[in-house]
Structure formats: structure tokens, C-alpha cells
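A.B. asks: Make a model of this:
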Amino acid sequence: MSMIGQSQKQTYIMNKQTSKPLVSVVLPMYNAEKTIAECLDSIIGQTYTNMEIIVMDDGSTDNSVEVVKSYADKRIKIFRYKHNYIVNLNRGFLHCNGKYIARMDADDRMCPTRIEKQVEVLENHHNVSVCCSVMKKYGCTEDVRYGCDGIIPNLKIRLLRGNCLAHPTMMFRKTLIQEGFRYKKAYIYAEDYKLWVDMALKDVVFYNIPEALVEYRKSKAQVSYLYNGQQRMNAWLIRQELLETLIKQCPEPLRNKLRKVYTGLLDLNHEGVVAPKGFYDIFFNIFQQIAARNNEMETHSEKSPTT
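C.D. replies: Numbering: from 1, shown residues only. Below is the predicted model of the structure:
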């Protein structure tokens, strides 16, 4: 092949790669010297290459920063701040230049096709703004499933039962940041759950890929282990606020009836007669029935001939 032919071929390959949308991977890090290299290797080894890796160091006191700086990959950008996890996580989004933003934790590992498959979903489903997936526990073969597959219907109702999405698997459109969505410090240790609720109440469409695209570690250093009590308390508060909002959105006289049910069940919960899970299961079933009835009425209305 002539030099001109080789040059044209190289230009074609470059144009084909750069025509793919840029993905920003936001990677918060705090004292992760033992796991950050494996995490970065899994990101760098993705089949999808048009990305930038935004490492947000949250005031590490070990050698985490030195490990990251040892990588020559120019796609890696590291930003260092004092320890303030939620604030720094939100700052990370402001450093992103990509069309899509992917979350990743410093002690997890991406499966090689994660970015490619999530970009494919978002590019082919323009109504979808958030794409998550199934997870897999590190070193295990069994998947950890949170919710349904594909587009998730009635997410704001499903969230009454708790967090049904795997946070480390999230990829979303940067436009959501431009619309003002952020993690809220008041709900620390359950900030992902609060973010899902805020988005779901604004009718943001979520998609869940039925394949494990992230491997996660279980350890005594995890937030869910160290701060389990506060996490549970904030999750309860989020569910309570969500339920009150859903009731408020109902028309009268249904709203008033639901408030009476809510007050009565809350009293029973305080007396230990109704457990928290049973409390929200009841309202989950009620709102599922309301949604089904509304869908049926809309379908009937669409089929009815106009006069």
C-alpha cells in the first residue's frame, strides 16, 4: 500500500473512533491504594476508548494519588480536594466534558464491554437518560439483581420499596447535570437513592441492562458497613418524603383518603404493629393499582372514537 493509502486508512480509523460520543468516567477516590490500580486497568481496558477518566481524590492520606500519577494514559485527569465526599463528587461532574457521564467506585472493576453497551443503549433510546446494569460480587459468578430489565416503568413507585438500582453501574446524560440534578449532602450514605427519587419524580427515564457490567467488592471499609445506621435512617427519610410527595400529587378526594391511610399506618408503625417494610409494601401496592387504573383509562380514552 502507498504512503497516501496508509495515511487515508489511518485518518479513516481515527475519524471512525472520534465520531463516537465522549464518555466521562467520574471516579471518586479515598485511601484506595490497594484497589485503584485494578480499577483503572479495567477502565483503560474497555472496548470503548473515547473517554476521559476524572479521578476525584477526596483527601487521601495513603499512596492513592501516586498510584494514579504512575499511569501515562493522557485520558486520566486527577483533581485533589480536602475530604468532603458529596461536595467533591458533585465537583467531579463539573470537570466532565463528555456527552455521557459514567460513575465508578475505586474498589470496583468494570467488565470490558460496560461503556460500549451503555453508550449503545443511550444512543439508541433517546428517551432514556440514565442507564444502569446488574452487578456481580467480586470473585463470584452469581449476579446481584436490583430491579427489572430494560426501561423501568413506574420507577417512583418502585422506589417506595427501597433502592432498586446499582449505583456504581450508572451512566447518564450530561444534560441532567445541566438541569440541576446533584447529590445532596443532607442524605449522605444514601445520596444515590435520593438522586434516583429526585430524577424519578421529574419523570427521568431509566434503563437497566440485564447483564453484570461491574464487579464490586464487599469489605468492612464500605459505607454500607461503616455507616449502616445512618444509611438506614436517611433511606427511611427519603422513602417517607417520597411517599408524602406521591400522595400530594394525587387528585382529591383520593389524596385525602390516602392521607388518612398514611396517618393510620404511621401510628401502627410507631406502636410496632406494622413493620417498616410492610408499611411501604402496602403503599407500593396501592400506587401500583392506581397506576394500572390510570393506564387502563388512558388506553380506553385513546381507543374511543372522537365525536
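A.B. asks: so where's this structure shaky on pLDDT?
C.D. replies: 1-18, 141-147, 219-227, 301-307 (pLDDT under 70).
A.B. asks: Which strands and helices lie in contact with the lengthiest strand in it?
C.D. replies: Criterion DSSP state E: the longest strand present in the chain is strand 206-216. For strand 206-216, the elements it packs on are strand 109-110, helix 114-124, strand 130-137, strand 143-144, strand 150-151, helix 191-201, judged by 3 or more CB pairs under 8 Å, 6 or more residues apart in numbering; DSSP states H and E. Using the backbone N, CA and C atoms, a C-beta is placed for each residue, glycine as well.
A.B. asks: distance between that strand and the chain's centre?
C.D. replies: 10 Å (CA atoms, centre = their mean, to the nearest Å).
A.B. asks: Equivalent analysis for stretch 238-258, please.
C.D. replies: Using CA atoms, centre = their mean, the offset of stretch 238-258 from its chain centre is 25 Å.
A.B. asks: And the helix ranked longest in the chain, what's buried?
C.D. replies: Ranked by residue count and defined by DSSP state H, the top helix of the chain is helix 276-303. Within helix 276-303, the residues that count as buried by 16 or more other CB atoms under 10 Å are F279, Y280, F283, F284, I286, F287, I290.
A.B. asks: Any idea which of the helices and strands packed on strand 206-216 gets closest to Y48?
C.D. replies: helix 114-124 (4.0 Å; CB to CB).
A.B. asks: Using CSV, write down the CA coordinates of the closest one.
C.D. replies: The C-alpha coordinates for helix 114-124 follow below in CSV (Å, rounded to 0.1, in the frame of the first residue of the first chain):
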residue,chain,number,x,y,z
ARG,A,114,-19.5,-1.9,30.1
ILE,A,115,-19.0,1.5,28.5
GLU,A,116,-19.7,0.3,25.0
LYS,A,117,-23.0,-1.4,25.9
GLN,A,118,-24.3,1.6,28.0
VAL,A,119,-23.4,4.1,25.2
GLU,A,120,-25.3,1.8,22.8
VAL,A,121,-28.4,2.0,24.9
LEU,A,122,-28.3,5.7,25.3
GLU,A,123,-27.6,6.3,21.6
ASN,A,124,-30.5,4.1,20.5
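A.B. asks: Go through stretch 165-185 and flag the buried ones.
C.D. replies: 165-174, 176, 181-184.
A.B. asks: Just the closest of those to R259, please.
C.D. replies: Nearest to R259 out of the buried residues of stretch 165-185 is K184 (CB to CB; 25.8 Å).
A.B. asks: Just give me the neighbour total for the residue nearest to the closest one when sequence neighbours are not counted.
C.D. replies: Spatial nearest neighbour of K184, excluding adjacent residues (CB to CB, 6 or more residues apart in numbering): K194 at 5.4 Å. If you count neighbours by other CB atoms under 10 Å, K194 ends up with 22.
A.B. asks: All good on my end, thank you.
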